[in-house]
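*Asks:* Following is a predicted model, sequence given first.
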Amino acid sequence: MKAMIFAAGLGKRLGNITESIPKALVDINGKTVLQMAVEKCSEHGFNDIIINVHHFADMVEDEAKRLKKTGFRISVSDERDKLLENGGGLYKAREFFDKDPFLLYNVDIVSDFDLSSLYKLHLEKKGLATLAVRHRPGQRFLLVDNEGQLRGWRNISTGEQILAGVTNTGLSEIAFSSMHIVEPEIFNYMNEGIYSMIDLYLRLAEHHNIFTLKHDEGYWIDVGTPESLGYVRKLLLKLPESSGKDSEHSNNLKSSDNHQEA
């Protein structure tokens, strides 16, 4: 199965760490975050992978070549000229995909989430996309109904809200986990440009079924900040013995905004 790992981001929240290396090459206990993401996707059957590159693109491509030599199937989508966010980046790479559903995964996510469960639900629901979601602190949240279907988005700090053809009655807030299964039909509703997948989903949700799968168990960490990077290094050294014990703390870490490209 095919997957796209979004690895082109600037990693500004990591501060001076990403002044000399790209976010995708940040080290976690001897592995780059890109290697960890590739291993995660491949472990769950998504073993034909494309990554996009922009910030320190040559370095990321070198890492991709190294990983290919170890047996992984990796292609590259070049965004050197312009960073397209994940929506525009996916559209640029559209020729890579076939007629089957595919995985989208942010390079800086470290989690024990079972990606195959997301794929299974997607096949059952037969929607346009299925998004992994989680209860965690933040300011920007997806709005879902009682069936877990995407109905909108809300910024709790500014009060800004987007609703997909419904009232806000009965909707609950939950954060996007930057892991999603998508039908190739999505390309019929996309075009060139710089935009996020969340913006696209919100535009399509009124007339298309976009579902979510909640995963509040286990750990999920966005390694986009020095704090979370330090934490995940310590956490993974202790696994598997304490993976369950640490999930509550990892839930409370400051995490990436779910309405922006990580």
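*Replies:* Ah, there it is. Residues are numbered from 1 along each chain as shown.
*Asks:* hmm, who's touching stretch 89-105?
*Replies:* 1-6, 8, 37, 40-41, 46, 50, 52, 75, 77, 79, 84, 86, 115, 118-119, 122-123, 178-184, 187, 190-193, 197 (C-beta atoms under 8 Å, 6 or more residues apart in numbering). (Glycine included, C-beta is placed from N, CA and C.)
*Asks:* Could you pull up the mean pLDDT of the helix or strand harbouring residue 49?
*Replies:* Here residue 49, judged by DSSP states H and E, is contained in strand 48-53. Strand 48-53 shows a mean pLDDT of 98.
*Asks:* what comes into contact with the helix or strand following that strand?
*Replies:* Of the helices and strands lying after strand 48-53 in sequence (DSSP H and E), the nearest is helix 57-69. Helix 57-69 is contacted by residues 7-8, 21-22, 24-25, 32, 34-35, 38, 51, 53, 74, 76, 78-80 when judged by C-beta under 8 Å, 6+ apart.
*Asks:* Pull out the buried residues from these.
*Replies:* Listed as buried from the contacts of helix 57-69 are 7-8, 21-22, 24-25, 32, 34-35, 38, 51, 53, 74, 76, 79; burial here means 16 or more other C-beta atoms under 10 Å.
*Asks:* Need the max-distance pair from those residues.
*Replies:* Spatial extent of these (C-beta to C-beta) is set by the pair 35 and 79 at 20.3 Å.
*Asks:* Residue 200: neighbour count?
*Replies:* Each residue near residue 200 was counted by other C-beta atoms under 10 Å, and the total is 21.
*Asks:* do you know how far residue 195 is from residue 206?
*Replies:* Distance from residue 195 to residue 206, counting by C-beta to C-beta, to the nearest Å: 17 Å.
*Asks:* Looking only at neighbour counts, state which of those two leads.
*Replies:* residue 195 (20 against 14).
*Asks:* which element is that one on?
*Replies:* Here residue 195 is assigned to no helix or strand, by DSSP H and E.
*Asks:* And the one 4 residues further on, by the same measure?
*Replies:* For residue 199, the element it lies in under DSSP H and E is helix 197-204.
*Asks:* a strand runs through residue 119, doesn't it?
*Replies:* No. Residue 119 is assigned helix when assessed by DSSP: H, G, I helix; E, B strand; the rest coil, not a strand.
*Asks:* Check the secondary structure at residue 4 for me.
*Replies:* Criterion first, three-state DSSP; result for residue 4: strand.
*Asks:* So which of the buried ones among the contacts of helix 57-69 are in strands?
*Replies:* Assigned to strands by DSSP state E, the following of these qualify: 32, 51, 53, 74, 76.
*Asks:* quick one: the fourth one and residue 47 touch, right?
*Replies:* No. Distance between residue 74 and residue 47: 9.8 Å, which falls outside the contact criterion (C-beta atoms under 8 Å).
*Asks:* No more questions from me, cheers.
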